[in-house]
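1. any chance you can model this:
(2 chains)
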Amino acid sequence: MKRMNQTTMRRLISIGMLLILVALFAGLAGTGEGKFFNETNLIEIVRNASIPAIIGVGITFVIITAGIDLSTGSMLALVGMVMANIYVYTLWPIPIMIIVGLLVGLVCGLVNGFIVAKLNVPEFIGTLAMMLVYRGLTYIIAVKNDIGAIESVRMNHSQYAFLGEDFMFVGLYYVIIAMIIVVILGQIVLKYTRFGTNLYSVGASKKAATLSGIDVMKTRIIAYAVTGVTVAIGAIFMTAKLQSTTANLGTDFEFDPIAAAVVGGVALSGGSGDVIGTLIGALFMATLDNGVKMLDMNASYQYIVKGAIIIAVVIFDSLYKRRIDRRAKEEGAKEGLE
Amino acid sequence: MKRRKLALLLTAIMALCLVFSGCERKVRKDSGAAAGGGGGNSNKQKVDIYGGEEIKIAYIAHDLGTPNNQGWKEGIERECASWPNIKVDSYGAEEKADKQVEIMTNCINQKYNAIIIQCSDGAALAPSIAQAEAAGIPVITLNLDCSSDTVHSALVMAVDYDAGRMAADKMAEQIGGKGKIAIIEGVPGLERTDNLERGFIDTVKEKYKDIEIVAQQSASFQKNTARTVMESFMQQHSDLRGVFAINDAMAEGAALAAENKGKKGDICIWGADGEKIALEMIEDGSMAGTIYTNSWDEGSTAAKIALLMISSDYDSSVLTKTPKVIMEPIVVTKDNVGDISEEDRW
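-> Got it, this is the predicted structure:
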């Protein structure tokens, strides 16, 4: 019997875990209207997963290069606030405002990449520091009222707010459409372009990548820039959904896309995983988040349940990986004997 | 070269935003009329709460971990405890407006009979509140005034601006109307605390010419951070007479710092909220005073309104403005702290 490809296997396990989780909550929290398992709620889960999944695409690129980006939450706020400034103080058309938002995301991503790849600051500390910088900038440019207090800005112009709604029929939210497009594009770039292959090589071994003629620095910078752009896309949909923005937008958000990627099988050590995995991870996290709320459970315990399930998934992943490695070694040894 | 251009672009965008801040606000014309604003056609249905039908009330907190939120939660639960058919579910939103929006959508889908929410951010929650009201679910907001953003069933809040004024007057009296004082701020952008601070500053500037506000620093509502902030205040200004912290947790931290420097009771430290520990610290003289509001009472008032809305034909579509229930604050100092009985301390 031909053994199944390792990635396919991991994918099937992810999907299986997601389905088990859905079945579990359907059993515990009930099916039917107003309960967990019904069309409205399932669509809501996909909608909630969309923004972490969109940003997760960028994060996946970065994690594949064995990097990390902790500044996404603050970047989200900065992009939102730049757009709010344009919204409040100018009459520029909404599409221009959106384009500027995307540019801000791109520039922030490039700055992260520059600091990490060119200046050789360790990813963790570099992006953690930028998280503070972007948050600070957000406070500085925040829209303020007469006494100088930061105000949350209402952005409910119909040309913008429609992005938070659904398209054609109830449930087909624009953000879900955007997520599907971004995920497909991400997967194509990752699997079928030279750049995608380079990302994996850089993550597997920077030294080997350099020796084989890959511009490691450029590859890493581009990965961060992609993250910046995905964050900007996320910020656009988030502020459109909230029809407003505040300086506190996206606090602690950094965790969500990273968790989605890790749960989806993207190894933090780099070199493996893909965008579809992250999408499944984001759906898993959103299901978990939604499901525990539907259970009649004390809110304090919900955190513990969520944390425990994430840890269980990651432990399972590492055990599985060890098993695969061992089997590969055994087979290698056997072949050597023959 | 390319990089320099990018750096320039970033600087340009930031600079542009700073320039904007000086500009006048523009009003965007909108023909498409976006969502928002309550009223309209509501399909609320009357439920007989004595009929034994199951009734679900959701309480959505900004952050379930704080004493205030626990106080409101308990108030709501106590009020509903006498009805066996009423279930109260509490949700924490980890201090995030977008999480609250998600929870709101969930609650609407789960067809709760009423929602009581402390908005993290009025503007961000407005569309969800309007959506719930349109689905026939009465929404009662707590503490944060977001009534200007959307019309809903009711708002239960404590006085904020005037409470700041009261604290200023009482503190001025305690320090003899002159000297240096400082303010420990919370997180910028929250209406209630901004108003509290504004009330305090306005009063000091209008009425007490000899009192000088020498420092203003944020401690993000955290006790521990406030302690550090207070230490730096005392180092910079050895003759500091008073400190106004926007919430009790920070006042407690400041009082600890003062005590540590052997200045317990020398510096007049004020807080706001009136939580249990603060009242105890006023009793033992480490804090000078606070503005007490009864969180339990606020919670149970919100629950009472929710039950009224659920059990009557009345719905918010007849409203043009959100009705406000404003809870009287009590200025607490050492003289009257004993009047607040043990049952009323949260």
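
2. do you know the pLDDT at the residue positioned nearest the centre of chain A?
-> Centroid-nearest residue in chain A, with C-alpha atoms, centre = their mean: residue A:56, separated by 1.9 Å. We have a pLDDT of 96 for residue A:56.

3. wait, it sits on residue A:260?
-> Yes - counting by C-beta atoms under 8 Å, residue A:260 is a contact partner of residue A:56 at 4.4 Å. (Glycine included, C-beta is placed from N, CA and C.)

4. what do these two both touch?
-> Counting by C-beta atoms under 8 Å, 6 or more residues apart in numbering or on different chains, the contacts common to residue A:56 and residue A:260 are A:278-279, A:281-282.

5. does residue B:327 have beta-bridge partners, and which?
-> residue B:158 (DSSP bridges).

6. repeat for the one 4 residues further on
-> Residue B:331 forms beta bridges with residue B:291, as assigned by DSSP bridges.

7. who touches it in this structure?
-> So residue B:331 contacts B:166-167, B:170, B:289, B:291-292 (C-beta under 8 Å, 6+ apart).

8. isn't there a strand covering residue B:338?
-> No - using DSSP: H, G, I helix; E, B strand; the rest coil, the secondary structure at residue B:338 is helix, not a strand.

9. can you pull out the helices in the stretch 51-200 of chain B?
-> For the stretch 51-200 of chain B, the helices defined by DSSP state H, counting those that start in this stretch cover B:67-80, B:97-109, B:122-134, B:161-174, B:191-207.

10. counting contacts, what elements does the fourth one pack onto?
-> So that's helix B:161-174. Counting contacts by 3 or more C-beta pairs under 8 Å, 6 or more residues apart in numbering or on different chains; DSSP states H and E, helix B:161-174 packs against helix B:191-207, strand B:240-245, strand B:268-270, strand B:289-292, strand B:330-333.

11. in chain A, which spans are helices?
-> A:6-29, A:39-64, A:72-89, A:94-113, A:123-141, A:158-161, A:174-192, A:194-204, A:206-211, A:216-242, A:255-263, A:275-294, A:299-337 (DSSP state H).

12. now do the first one against helix A:255-263: the angle between them, please.
-> Here helix A:6-29 runs at 120 degrees with respect to helix A:255-263, directions being taken by axes from the mean of the first three to the mean of the last three C-alpha atoms, to 10 degrees.

13. so which elements touch helix A:6-29?
-> helix A:275-294, helix A:299-337.

14. now the longest one: mean pLDDT?
-> Averaged across helix A:299-337, pLDDT comes to 80.

15. for that helix, what is the distance to the chain centroid?
-> Averaging C-alpha positions (C-alpha atoms, centre = their mean, to the nearest Å) puts helix A:299-337 22 Å from its chain's average.

16. same thing with stretch A:263-272?
-> 13 Å.

17. who in the stretch 51-200 of chain A is up against chain B?
-> Contact residues, the stretch 51-200 of chain A versus chain B (C-beta under 8 Å from any C-beta of the partner chain): A:81-82, A:85-91, A:100, A:103-104, A:107-108, A:110-111, A:114, A:137, A:139-144, A:147, A:149-154, A:156-159, A:161-162, A:164.

18. quick revisit: now the shared contacts of residue A:56 and residue A:260 in CSV, with neighbour count and pLDDT?
-> Shown next, in CSV, are the shared contacts of residue A:56 and residue A:260 (neighbours: other C-beta atoms under 10 Å in any protein chain shown; pLDDT from 0 to 100):
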residue, neighbour count, pLDDT
A:278, 34, 95
A:279, 29, 96
A:281, 31, 94
A:282, 30, 95
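
19. from the stretch 101-250 of chain A, which residue is nearest to chain B?
-> Nearest residue of the stretch 101-250 of chain A to chain B: residue A:158, at 2.8 Å (C-beta to the nearest C-beta).

20. separation between that residue and residue A:165?
-> 10 Å (C-beta to C-beta, to the nearest Å).

21. just residue B:230 next, same as before
-> Residue B:230 is 48 Å from residue A:165, by C-beta to C-beta.

22. the two: which has the busier surroundings?
-> residue B:230 (30 against 17; other C-beta atoms under 10 Å in any protein chain shown).

23. quick one: mean pLDDT over the helix or strand that one falls within.
-> Per DSSP states H and E, residue B:230 falls inside helix B:223-236. When pLDDT is averaged over helix B:223-236, the result is 88.

24. which residues sit against it?
-> So helix B:223-236 is in contact with B:182, B:184, B:214-215, B:217-219, B:240, B:243, B:245, B:249-254, B:256-258, B:260-261, B:263, B:267, going by C-beta under 8 Å, 6+ apart.

25. show only the entries of these found in helices.
-> B:249-254, B:256-258, B:260.

26. mind putting the residues you listed into JSON lines with distance to chain A and neighbour count?
-> Formatted as JSON lines, the ones in helices among the contacts of helix B:223-236 follow (distance: C-beta to the nearest C-beta, whole Å; neighbours: other C-beta atoms under 10 Å in any protein chain shown):
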{"residue": "B:249", "distance to chain A": "18", "neighbour count": "26"}
{"residue": "B:250", "distance to chain A": "17", "neighbour count": "31"}
{"residue": "B:251", "distance to chain A": "20", "neighbour count": "32"}
{"residue": "B:252", "distance to chain A": "23", "neighbour count": "24"}
{"residue": "B:253", "distance to chain A": "21", "neighbour count": "25"}
{"residue": "B:254", "distance to chain A": "22", "neighbour count": "30"}
{"residue": "B:256", "distance to chain A": "26", "neighbour count": "20"}
{"residue": "B:257", "distance to chain A": "25", "neighbour count": "22"}
{"residue": "B:258", "distance to chain A": "27", "neighbour count": "25"}
{"residue": "B:260", "distance to chain A": "28", "neighbour count": "13"}
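
27. can you list the residues you listed in CSV and add pLDDT?
-> Listed next are the ones in helices among the contacts of helix B:223-236 as CSV, based on pLDDT from 0 to 100:
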residue, pLDDT
B:249, 89
B:250, 92
B:251, 93
B:252, 91
B:253, 91
B:254, 93
B:256, 90
B:257, 91
B:258, 91
B:260, 86
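
28. could I get these as CSV with distance to residue B:100?
-> Shown next, in CSV, are the ones in helices among the contacts of helix B:223-236 (distance: C-beta to C-beta, whole Å):
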residue, distance to residue B:100
B:249, 22
B:250, 24
B:251, 27
B:252, 27
B:253, 27
B:254, 30
B:256, 32
B:257, 34
B:258, 36
B:260, 38
